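# any chance you can model this:
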Amino acid sequence: MPDWDPKLYLKFAGQRGRPAEDLVAQVKLEAPQSIIDLGCGTGTSTEDLHRRWPHAQLTGLDNSAEMLGQARASHPDWTWIASTVEAWKPAQSFDLIFSNACLHWVGDHGRLFPRLLGCLSPGGALAVQMPNNFDAPPARGHGTDRNGTKVGCHSGPGHGELRHPPCRVLL
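As a prediction, the model looks like this:
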């Protein structure tokens, strides 16, 4: 994963934010008490979640110290976790697990999504938006993270093949 520059990231906040706003609007939960924003970046999508559910306990998770620094500066009263999605071990379940434009960077969706579903409270929701960039290196199984470790969405025999068509699912 590249290092992220919060100022450059926020320069395009309008374009980046529209899919998150659309996803927040589609969540069918009335009043979730606990929400985590996976890949929260600077906290912009976490702010969208707060606007919709102002009484929820909010947690943001990101692997970029620079992005989390910006998020903490704007909202020091919210919980911010420095971690990758893969390494995240939640101490609690969540009513809503939200992720906008993050999980396409994470490999092995066949294991990831069942794990995330297992982190939900009864009646909770998993809301995910991933850009349709299946030609990007992680989706082809050709990418490497900042440590040089090979990453990709499809592992095992035939990795690099698109095994499922792009689709939109809101659980």
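# can you get me the start-to-end distance on stretch 112-129?
14 Å (CA to CA, to the nearest Å).
# tell me the buried residues in that stretch?
Residues of stretch 112-129 classed as buried by neighbour count (16 or more other CB atoms under 10 Å): 112-113, 116, 119-120, 124-129. C-beta: built from backbone N, CA, C; applies to glycine.
# next step: those residues restricted to strands.
Here DSSP state E is the test, and these give 120, 124-129 as lying in strands.
# all strands of the chain, in order?
Using DSSP E, strands in the chain cover 34-38, 57-62, 79-82, 94-100, 120-129, 143-144, 150-151.
# could you save these as TSV and add columns showing mean pLDDT and distance to Gly69?
Formatted as TSV, these follow (pLDDT from 0 to 100; distance: least, CB to CB, whole Å):
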stretch	mean pLDDT	distance to Gly69
strand 34-38	98	16
strand 57-62	97	10
strand 79-82	97	9
strand 94-100	96	20
strand 120-129	95	24
strand 143-144	46	25
strand 150-151	42	24
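# of these, which is nearest Ala25?
Nearest of the strands of the chain to Ala25, taken as CB to CB: strand 120-129 at 10.2 Å.
# can you list the residues that contact that closest one?
The contact list for strand 120-129, computed with CB atoms under 8 Å, 6 or more residues apart in numbering, reads 19-20, 22-24, 26-29, 32, 34, 93-101, 103, 113, 116-117, 169-171.
# next one: stretch 22-34
By CB under 8 Å, 6+ apart, the list of residues contacting stretch 22-34 from outside reads 45, 48-49, 52-53, 55-57, 59, 92-96, 98, 100, 121, 124-125, 127-129, 170.
# mind running it again at 7 Å?
Here stretch 22-34 makes contact (CB atoms under 7 Å, 6 or more residues apart in numbering) with 48-49, 52-53, 56-57, 92, 94-96, 100, 125, 127, 129, 170.
# and what of stretch 84-97?
Taking CB under 7 Å, 6+ apart as the rule, stretch 84-97 contacts 27, 29, 32-36, 38-39, 61, 63, 102-103, 106, 116, 119-121, 124-127.
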